[in-house]
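> below is the sequence, then the predicted model.
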Amino acid sequence: MATPIVTSTGTSAGLPVNLPAPPSDSSIGKKNFDSKNNYDTSIDDNDDKGGSSTSSPSCSCDWYNGNIDASGISWLASGRGMLIMSNIFISTSLLWLAKNAAGCFEDPDTIGGECHKSVHGMKAESFVTNIATYSALLSALFMPICGAIVDYTPHRKLVGIVTAIVLIAIQAIQIYTVEGTWFAMGVLQAFASFVYQLQIVVIFAYYPDISREVGELTMTTFSSRFSAVQYFSSAIFLVVVTAISLLLNSSEVLTGQISQGVNTFTSIILFGIGWYKLTERPVVRELPEGNWLILEGFRQNWNTAKSVQQHYKHGLRWYLLAVVFSEASATAITTVSIVYLSSSIQLNTQQIGIFFIITLLATSVGTKGATFVTNRTNPNTSWKLSMAYLFVVLMAGALALDDIPPNLKYLSYIWALFVGLGLGWYYPTEILFFSMCLPIGEEAELAGFWTFCGQIMAWFFPLLFSVLIENNISQKYGVILVASGFLVAIFFLMFTCSWEDIIKEVNVNTNTNTNTNTASTTTKKVERERNDDNDGNDHAHDLALDEEYDV
């Protein structure tokens, strides 16, 4: 299913998905307009019109106005889209091999249904969800550390290149996923998912830099194109691998090998070009004296949490709490659905591929529904409705499809359609809510904290699903349990104030912070003027202060 693009750093990782352009009366950035009321995307007095100081000359055929970093991000978005979709086929292969090793296909009582046999000390059908649990735990632990490395050292690009190489190497190694290697390949898969999150942290650390270079309006367009590139790359990969599998009538194992082989080839090209284009970046901020780099990301997350609790307790606080549980459910849907579709519904690898193609295509239609509902209500109400819809659809589908005869299992495609519509409604509304209650001047910090909130509980629902399997409880109840995170999110959102008051709270605190900063700067200027009157020999020192405070 549509996979959210998330990071988990508490630092300035930037907004990881396309932010819809906010209304002109919202508090999202300060817009500069010329005499004809057109938005000005220039930087200071350079009038680069969306270009970059490191960019090559723009041309009419360039989607990114010659901005090299934006072009590199686009290539990487394509690579990520294909890599994410390859996980569907390798997970299906690993699940089949685990069940085969446990003897699920030899026992007449387990053929054609859920298998309760164990292998390596766990139920075979919990193998894939266990992989998701371990990788999510690693991600939640190490994302702030990686974010600190990106912010406080000049090694951003190096970390990106190394993680890309590791990902490609694992994809290549997993081509040899067979009966004798499946467990080791599963361990590699858990590590690959963790490394992928590190890659995401580094990539989206470039977003604020690009945004400052090209301006808010141009960055909104760029972000939309990044998402479009990733979406169509995902769809193309799904269609190609599924078509090859249908033509060859290949097994789950062979389809997984084909998928990994194709993705290794595409990743070498797309990640190679992407990281070749991305430029080196200097240190974003200096590490405070006496602080440890390994703990700085956690410290910043804690400080951000305290700031939200103090200044935005009526809107943004409840939104972020909702994100913790809603994203935990949304990110678990793909993993859990692979197990459920394969074991309970008995779809083969080709049919699972078709299921996800339908889901992915339906998300594009769902975004239209998101626009329709949000324009007639508000982002808060619309987001709550989208999560209620997803819970009902996931629950109804799991209960209705669990006992259908094999000749009617194609009805699961209808379920795919409705789930895709819900995800297409859910994601853009979630981001719109965040973008409209984002305080000016705190965008990068809160964007990083938002992505951390979306990852910190990603391990929870795969773990619960595995626990149910280990206790021989039907997987349909596991699907419902996974979807319950949406209900928890709705519960938190019930404590928010009205939408108008949410926006007002952001504006009040933004103005307070702006006035505080202005007063602080004025005080420092007066102090320097006094020092200048008292000691004209300190002229060089005053010039240094002027540069420091930009007066």
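Noted; the coordinates are in hand.
> all strands of this protein, in order?
118-119, 122-123 (DSSP state E).
> could you single out the most deeply buried of those?
strand 122-123 (a mean of 20; mean count of other Cβ atoms under 10 Å). All C-beta atoms are positioned from the backbone trio N, CA, C, and that covers glycine.
> domain ranges for this structure?
Taking automatic domain parsing as the domain assignment, the ranges for the chain are 68-282+304-496, 503-525+534-549.
> switch these over to a markdown table; also include mean pLDDT and distance to residue 298.
Output for those, formatted as a markdown table (pLDDT from 0 to 100; distance: least, Cβ to Cβ, whole Å):
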| stretch | mean pLDDT | distance to residue 298 |
| --- | --- | --- |
| domain 68-282+304-496 | 91 | 5 |
| domain 503-525+534-549 | 48 | 24 |
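> buried deepest among those, which one?
Taking mean count of other Cβ under 10 Å, domain 68-282+304-496 is the most buried of those, at a mean of 21.
> gap between the two ends of it?
41 Å (Cα to Cα, to the nearest Å).
> just to revisit the earlier point, nearest to residue 460, of the strands of the chain?
Checking the strands of the chain against residue 460 by Cβ to Cβ gives strand 122-123 as the closest, at 17.9 Å.
> I'd say residue 359 and residue 422 touch.
No. Assessed by Cβ atoms under 8 Å, residue 359 is found out of contact with residue 422, at 9.8 Å.
> related to what we said a few turns ago, include distance to residue 288 when you put the domains of the chain into JSON lines, please.
Output for these, formatted as JSON lines (distance: least, Cβ to Cβ, whole Å):
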{"stretch": "domain 68-282+304-496", "distance to residue 288": "9"}
{"stretch": "domain 503-525+534-549", "distance to residue 288": "16"}
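> figure out which of the ones you listed is closest to residue 297.
That would be domain 68-282+304-496 among these, by Cβ to Cβ, at 2.9 Å.
> what's the distance between the closest one and the middle of its chain?
8 Å (Cα atoms, centre = their mean, to the nearest Å).
> what distance do you get for residue 325 to residue 485?
Separation of residue 325 from residue 485 (Cβ to Cβ, to the nearest Å): 4 Å.
> overlap in contacts, these two.
Common contacts of residue 325 and residue 485 (Cβ atoms under 8 Å, 6 or more residues apart in numbering): none found.
> one step back: just send the strands of the chain back as TSV, with distance to residue 101 too.
Formatted as TSV, these follow (distance: least, Cβ to Cβ, whole Å):
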stretch	distance to residue 101
strand 118-119	5
strand 122-123	11
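> so which of those gets nearest residue 428?
With Cβ to Cβ as the measure, strand 122-123 is the member of those nearest residue 428 (37.0 Å).
> ok, residue 96 touching residue 342?
Yes. If you go by Cβ under 8 Å, residue 96 and residue 342 touch, sitting 7.4 Å apart.
> so where do the helices sit in the stretch 251-400 of the chain?
Counting by DSSP state H, counting those that start in this stretch, one finds helices in the stretch 251-400 of the chain at the ranges 252-277, 293-311, 316-343, 349-376, 379-401.
> other SSEs contacting the fourth one?
Just to be clear, that refers to helix 349-376. helix 68-102, helix 216-248, helix 252-277, helix 316-343, helix 379-401, helix 412-436 (3 or more Cβ pairs under 8 Å, 6 or more residues apart in numbering; DSSP states H and E).
> and residue 159, which of these is closest to it?
helix 252-277 (10.6 Å).
> which elements pack onto that closest one?
So helix 252-277, by 3+ Cβ pairs under 8 Å, 6+ apart, packs with helix 68-102, helix 156-173, helix 216-248, helix 349-376.
> distance to residue 261 added to these, as a markdown table?
Listed next are the helices and strands packed on helix 252-277 as a markdown table, based on distance: least, Cβ to Cβ, whole Å:
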| stretch | distance to residue 261 |
| --- | --- |
| helix 68-102 | 10 |
| helix 156-173 | 8 |
| helix 216-248 | 10 |
| helix 349-376 | 15 |
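> of all those helices, which one is nearest residue 475?
So among the helices and strands packed on helix 252-277, helix 68-102 is nearest, using Cβ to Cβ, at 12.1 Å.
> and the angle for that closest one with helix 252-277?
Angle, helix 68-102 to helix 252-277, by axes from the mean of the first three to the mean of the last three Cα atoms, to 10 degrees: 160 degrees.
> could you check the angle helix 68-102 makes with helix 349-376?
Going by the same axes, to 10 degrees, helix 68-102 makes 130 degrees with helix 349-376.
> next, the angle helix 316-343 makes with helix 68-102.
Using the same axes, to 10 degrees: helix 68-102 against helix 316-343 is 40 degrees.
> I'd like the numbering to begin with 37 instead of 1 from here.
Will do, 37 is the new start, and the previous item becomes helix 104-138.
> right, and residue 242 touches residue 316 too?
No. With contact defined as Cβ under 8 Å, residue 242 does not count as touching residue 316 (11.1 Å).
> for the two, list the residues in contact with both.
Joint contacts of residue 242 and residue 316 (Cβ under 8 Å, 6+ apart) are residue 192.
> still on that earlier bit, turn the helices and strands packed on helix 385-412 into CSV, including distance to residue 385.
Below are the helices and strands packed on helix 385-412 laid out as CSV (distance: least, Cβ to Cβ, whole Å):
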stretch, distance to residue 385
helix 104-138, 5
helix 252-284, 6
helix 288-313, 4
helix 352-379, 8
helix 415-437, 18
helix 448-472, 14
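> residue 178: which of the ones you listed is closest?
When the helices and strands packed on helix 385-412 are compared (using Cβ to Cβ), the closest one is helix 352-379, at 16.8 Å.
> so residue 192 sits against residue 238, correct?
Yes. Contact status for residue 192 versus residue 238: in contact at 5.8 Å, counting by Cβ under 8 Å.
> one step back: got JSON lines for the helices of the stretch 287-436 of the chain, with distance to residue 443 too?
Formatted as JSON lines, the helices of the stretch 287-436 of the chain follow (distance: least, Cβ to Cβ, whole Å):
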{"stretch": "helix 288-313", "distance to residue 443": "21"}
{"stretch": "helix 329-347", "distance to residue 443": "52"}
{"stretch": "helix 352-379", "distance to residue 443": "16"}
{"stretch": "helix 385-412", "distance to residue 443": "13"}
{"stretch": "helix 415-437", "distance to residue 443": "13"}
